[in-house]
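**Student:** need a 3D model of the sequence below.
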Amino acid sequence: MKKRSHDDRRRIAETSVQKAIGDWVYRRPWNWFVTLTFAAQVHPEQADKRYLRWIAALTHHPARRAAPGPVVWARGTELQGREVIHYHALIAGVAPISVFAASKLWEKIGGGHARIYPYTWDLGAAYYFGKAGDVDFSSTWFDE
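**Tutor:** Numbering: from 1, shown residues only. Below you'll find the model as predicted:
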């Protein structure tokens, strides 16, 4: 992927709210940028429950036993072209867990596919994850 300047990443954000959220989450110590899909229509409440079950599974994953602190996340919700919910999220606190293991957990819990990439500041994920404007954050955050 082409590296972008901070100004280029900000231009990706289409609204002032999206820019503000991107600026706020940009330099946090994220591990992953993820896209999580569902195989079929899922009610928004059911989608949220599956996502939170996936986060709980990551939190209690055996690879994290020695990891300090909580799993922290910022999630954007949007509809795919086929009118099915999917998520873009930034995830922290999961460094010992393999991407493969996390993907398999999502397939089992979420019932769809997971694309998980290492988070790098210069690719614009902080501005992209909330592009639809529907964002949620974990109840615990980095400063707590």
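
**Student:** what are the bridge partners for the residue nearest the centre of the chain, then?
**Tutor:** Within the chain, the residue whose C-alpha comes closest to the C-alpha centroid is Ala89; the distance, by C-alpha atoms, centre = their mean, is 1.3 Å. Listed beta-bridge partners, Ala89: Val34, Arg75 (assigned using DSSP bridges).

**Student:** now it: how far from Arg65?
**Tutor:** With distances taken as C-beta to C-beta, to the nearest Å, Ala89 is found 23 Å from Arg65. In short, each C-beta sits where N, CA and C put it, glycine included.

**Student:** ok, now Gly22?
**Tutor:** Relative to Arg65, Gly22 is positioned 33 Å away (C-beta to C-beta).

**Student:** quick check: next helix or strand after the helix or strand of the chain with the lowest mean pLDDT?
**Tutor:** Ranking every helix and strand in the chain by mean pLDDT, DSSP states H and E puts helix 6-12 at the bottom, with a mean of 53. Once helix 6-12 ends, the next helix or strand along the chain (criterion: DSSP states H and E) is helix 16-25.

**Student:** who are the packing partners of that following helix?
**Tutor:** helix 6-12, helix 125-128 (3 or more C-beta pairs under 8 Å, 6 or more residues apart in numbering; DSSP states H and E).

**Student:** circling back to that earlier point, what sits against the residue nearest to the centre of the chain?
**Tutor:** Contacts here follow C-beta atoms under 8 Å, 6 or more residues apart in numbering; on that basis Ala89 touches 32-34, 36, 73-76, 129.

**Student:** adding distance to Thr59 and pLDDT, write these out as a markdown table.
**Tutor:** As requested, those are arranged in a markdown table below (distance: C-beta to C-beta, whole Å; pLDDT from 0 to 100):
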| residue | distance to Thr59 | pLDDT |
| --- | --- | --- |
| Trp32 | 14 | 96 |
| Phe33 | 19 | 96 |
| Val34 | 15 | 97 |
| Leu36 | 16 | 97 |
| Trp73 | 10 | 96 |
| Ala74 | 16 | 95 |
| Arg75 | 15 | 95 |
| Gly76 | 20 | 93 |
| Phe129 | 20 | 84 |
